[in-house]
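# below are the sequence and a predicted model for it; my questions follow.
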Amino acid sequence: MIKNVLLAACLALPLVAHAADEKKKVTPQQEKMAACNKEAGEKNLKGDERKKFMSACLSAAKKSQQEKMTACNKQAGEKNLKGDERKKFMAECLRG
């Protein structure tokens, strides 16, 4: 019985550690949300003014991401990339 409990604990521990590492990773959207939130705080915005500012701030992030996607797509098309090569290029392009 104790062997089974120890075995289960040993198997679960790496999974828990991995899940904790994944939680630490911050997405670009989370970074933008934090930046917009900080800026709204610095401007002492409250209530509806804060909501309006946050919406505009986050929308600007979406537009720039869409522009980036369009530019990367265009470059991939010009290079005639297909399949895995295109996926790899797009991933690198969107990161940088």
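Received, thanks. Just so it is clear, the model here is predicted, and its values are computed rather than measured.
# buried ones in stretch 79-95?
86, 90 (16 or more other C-beta atoms under 10 Å). Any C-beta I mention is one placed from the backbone N, CA and C, and that applies to glycine too.
# need the next SSE after the lowest-mean-pLDDT helix or strand in the chain, C-terminal direction.
When each helix and strand of the chain is scored by mean pLDDT, DSSP states H and E, helix 2-24 comes last, with a mean of 59. Once the chain leaves helix 2-24, the next helix or strand it forms, by DSSP states H and E, is helix 28-42.
# where's the helix or strand just after that following helix relative to the chain centroid, distance-wise?
Moving toward the C-terminus from helix 28-42, the next helix or strand (DSSP H and E) is helix 47-78. Computed by C-alpha atoms, centre = their mean, to the nearest Å, the chain-centroid distance of helix 47-78 equals 13 Å.
# for the helix or strand just after helix 47-78, name the packing helices and strands.
Once the chain leaves helix 47-78, the next helix or strand it forms, by DSSP H and E, is helix 83-95. When contacts are defined as 3 or more C-beta pairs under 8 Å, 6 or more residues apart in numbering; DSSP states H and E, helix 83-95 packs onto helix 47-78.
# what number of residues lie near residue 32?
Residues contacting residue 32 under the criterion other C-beta atoms under 10 Å number 17.
# and for residue 36?
Other residues close to residue 36 by other C-beta under 10 Å number 19.
# could you find the closest non-adjacent residue to it?
In space, and not counting its chain neighbours, residue 36 is closest to residue 57: 3.7 Å by C-beta to C-beta, 6 or more residues apart in numbering.
# how close does that neighbour sit to residue 37?
Using C-beta to C-beta, to the nearest Å, we find residue 57 at a distance of 9 Å from residue 37.
# now residue 63
Residue 63 is 19 Å from residue 37, by C-beta to C-beta.
# ok, these two, which is more surrounded?
residue 37 (15 against 9).
# ok, back up a step: wait, what's in contact with the residue nearest to residue 36?
Counting by C-beta atoms under 8 Å, 6 or more residues apart in numbering, residue 57 makes contact with 32, 35, 36, 39, 40.
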